[in-house]
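# Any chance you can model this:
(one chain, ligands or ions: 2)
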Amino acid sequence: MPVELTYYGHACFGLKGGGATLLIDPFLTGNPLAAVSADEVEADYILVSHAHGDHLGDAVAIAQRTGATIVGNHEIAIYAGNQGLTAHGLHIGGGWDFPFGRIKLTIAHHGSSFPDGSYGGNPCGFLLTIEGKNIYHACDTGLFYDMKLIGEEGIELAILPIGDNYTMGPKDALRAVKLIEPTVVIPIHYDTFDVIKQDPTDFARAVEAETKARCLVLKPGESYSL
Ligand code: NI
Ligand code: MN
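Ligands and ions are numbered 1, 2, ... in the order given. Okay, the predicted model is just below:
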């Protein structure tokens, strides 16, 4: 069975596979480029990479409406649990076999305070194994050489930030592709705000000229199945 992905803008994806609907980093309210509203999006599981507002986003409201389980680091899981939500906490390097597939938390070099300034634990990326396919969502991070270790798992799809300023920019994201060696790359975390404006087609051209990966530039609302 294919895994169906829909890009909702910024770092947010909806994913259908393994009999479940996943939502990653649902920053929808306040995102000028969001392709869906927090009132209409569906989710059985909501994965939150870190507590910054542009990733935690509408996670709590969507979980309250849908009954979705929040998946994130221990601190985010405690935060969700304190609001009466179902949550599953993991931490960096740890994985768990959910009914739809496996989620492993990877390192991410970034911060993770909640919008009120309280401690949000360490930020993470996600290595998802669904329908036998490995998907790496790097979330917010700078370049790190251990991406090579993630690549050794055999990555069908790598979702990488290219916005610069808060995360890797296009040049470092291209180096990341060389370390990970995925089959397909999707760039994210650009254009939402003025300080992260980028031309994703320049990045795509460089990826396809210098690596074996195919680069897919998705507009918010567009889907891809793998
Ligand atoms: Ni962030
Ligand atoms: Mn961010």
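
# Tell me who's in contact with the residue nearest to D146 when sequence neighbours are not counted.
Of all residues not flanking D146 in the chain, I107 sits nearest, at 6.5 Å (Cβ to Cβ, 6 or more residues apart in numbering). For the C-beta atoms, the positions are set from N, CA and C on the backbone; glycine is no exception. Residues in contact with I107 (Cβ atoms under 8 Å, 6 or more residues apart in numbering) are I92, G93, N122, C124, G125, T141, F144, D146.

# just these now: which is nearest ligand 1?
Among those, T141 lies closest to ligand 1 (Cβ to the ion), at 9.1 Å.

# Helix or strand: which one has the closest one?
Assessed by DSSP states H and E, T141 sits outside every helix and strand.

# How about the residues of the chain by ligand 2?
Counting by Cβ under 5 Å from the ion, the chain comes close to ligand 2 at D54, D140.

# can you give me the strands in the chain?
Applying DSSP state E to the chain gives strands spanning 4-9, 12-17, 20-24, 45-47, 69-73, 87-90, 95-98, 101-107, 124-130, 133-137, 157-161, 184-188, 214-215, 223-225.

# any chance of these in TSV, with mean pLDDT and distance to K178 too?
Below are these laid out as TSV (pLDDT from 0 to 100; distance: least, Cβ to Cβ, whole Å):
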stretch	mean pLDDT	distance to K178
strand 4-9	98	23
strand 12-17	98	23
strand 20-24	98	24
strand 45-47	99	26
strand 69-73	98	28
strand 87-90	98	28
strand 95-98	98	25
strand 101-107	98	17
strand 124-130	98	17
strand 133-137	98	14
strand 157-161	99	11
strand 184-188	98	11
strand 214-215	98	13
strand 223-225	98	22
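
# mind putting those strands in CSV, distance to ligand 1 included?
CSV is the format used below for the strands of the chain (distance: least, Cβ to the ion, whole Å):
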stretch, distance to ligand 1
strand 4-9, 15
strand 12-17, 13
strand 20-24, 13
strand 45-47, 14
strand 69-73, 13
strand 87-90, 19
strand 95-98, 22
strand 101-107, 14
strand 124-130, 11
strand 133-137, 13
strand 157-161, 9
strand 184-188, 12
strand 214-215, 23
strand 223-225, 24
